[in-house]
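In: fold the following and give me the result.
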Amino acid sequence: MSTILLQLSDLHLFAEPERVLRGVPTRDSLIEVLEAVRQTGIDFDRVVVTGDFTHDERRETYQSVNGLLEEWLDRCHVLPGNHDDRGLLSEVFTDQAGGTDRGICFSESVGGWRLIGIDTHVPGEVPGRIEPAMLAWLERELAQHAAEPTVVFQHHPPISVGSAWLDAIGLRDAEPYRKLIAASPQVRVISCGHVHQECVGTLGGAVVLTVPSTGVQFTPLTAKARVDSIPPGFRIFVLERPCDTESVVSAVWSTRVVRLSKVTFPAADE
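Out: Below you'll find the model as predicted:
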């Protein structure tokens, strides 16, 4: 039996429902995206939100997002992005924001796969970093569950996405993390937010993916930030249950990005 995952990212909501980001009313856009999620007819086994819940880091904004995601909260994991307040995210999403003083993280076995989420948030900064304690926790998790094919979720991508301005605000001091992933063949996928676009790369034996925002989209492969005219969306994963005789590197998975059929809220460069 397959395990089906939904990934949402980069919501960027404001406390005031009418406020816009680069011309896009992000709350209305998220509502449209969530309706498209419902229309898939899929009963997702897990939902992972990879950061930037808010653009204003206010408690009432997190509470609004919590309400909009209510029907999935019983199967939801959340991770912070650079536009988040880790403390408020943990307080409002009490049951979904696991972890300790290392940050918000999770590790769960579902359908023969290991799902891991790590915290790349640095308070007050746009680029990310995996702090030594978080990296040590990840190393232990990977060592303890080496026989399970693994998907890692995080906000900041660990590799270049080919846009100079995004790479400048990516994951800092990432070499120890990259070495750990390269030494962990069970990591099949690393799926990230932050860049508001689709990107595919590799790190060790893992495929590195990024996802659309539920609001504003950015044009890939640009030196400076430019909004894209394509619709918002989300990512779906299908993880096939591994056979007893199957190695972690041959476990079968697939993924696709689903976008809305049209652009309801055109974005504008600032």
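
In: show me where pLDDT drops low in the chain?
Out: 100-102, 245 (pLDDT under 70).

In: let's see it at 90
Out: 1, 98-102, 243-250, 269-270 (pLDDT under 90).

In: who's in contact with the residue positioned nearest the centre of it?
Out: With distances taken as Cα atoms, centre = their mean, residue 50 lies nearest the centre of the chain, 2.7 Å away. Contact partners of residue 50, counting by Cβ atoms under 8 Å, 6 or more residues apart in numbering, are 7-10, 79, 81, 117, 153-155, 191-194, 211. Just so you know, the C-beta spots here come from the backbone N, C-alpha and C atoms, and that holds for glycine as well.

In: out of these, which comes closest to residue 69?
Out: residue 8 (8.3 Å; Cβ to Cβ).

In: partners of the closest one in the sheet?
Out: residue 49 (DSSP bridges).

In: number of nearby residues for it?
Out: 29 (other Cβ atoms under 10 Å).

In: same question for residue 59.
Out: 15.

In: ok, it touching residue 87?
Out: No. Here residue 59 does not reach residue 87: they are 9.8 Å apart, not a contact under Cβ atoms under 8 Å.

In: mind picking the two most distant members of the contacts of residue 50?
Out: 10 and 117 (15.6 Å).

In: neighbour-wise, which of those two wins?
Out: residue 10 (30 against 26).

In: which helix or strand contains the more buried one?
Out: For residue 10, there is no host helix or strand (DSSP states H and E).

In: look up how far residue 29 lies from the residue nearest to it when sequence neighbours are not counted.
Out: Nearest non-adjacent residue to residue 10, counting by Cβ to Cβ, 6 or more residues apart in numbering: residue 213, 3.7 Å away. Going from residue 213 to residue 29 by Cβ to Cβ, to the nearest Å gives 8 Å.

In: same thing with residue 260?
Out: On the measure of Cβ to Cβ, residue 260 and residue 29 end up 9 Å apart.

In: any residues in contact with both of those two?
Out: Common neighbours of residue 260 and residue 29 (Cβ under 8 Å, 6+ apart) are residue 232.

In: among those two, which residue is more densely surrounded?
Out: residue 29 (26 against 19).

In: which residue sits closest to that one, ignoring its sequence neighbours?
Out: Per Cβ to Cβ, 6+ apart, closest to residue 29 is residue 215, 4.5 Å.

In: so what's that neighbour up against?
Out: Here residue 215 is in contact with 10-12, 21, 24, 26, 29-30, 232, 265 (Cβ under 8 Å, 6+ apart).

In: please redo it, this time with the cut-off set to 10 Å
Out: Residues in contact with residue 215, defined by Cβ atoms under 10 Å, 6 or more residues apart in numbering, are 10-13, 20-22, 24-30, 32-33, 52, 55, 196, 232, 265, 267.

In: please apply the same query to residue 174.
Out: Neighbouring residues of residue 174 by Cβ under 10 Å, 6+ apart: 120, 128-130, 156-159, 181, 203.

In: circling back: mind checking how far the residue nearest to residue 29 is from residue 89?
Out: Between residue 215 and residue 89 the computed distance is 18 Å (Cβ to Cβ).
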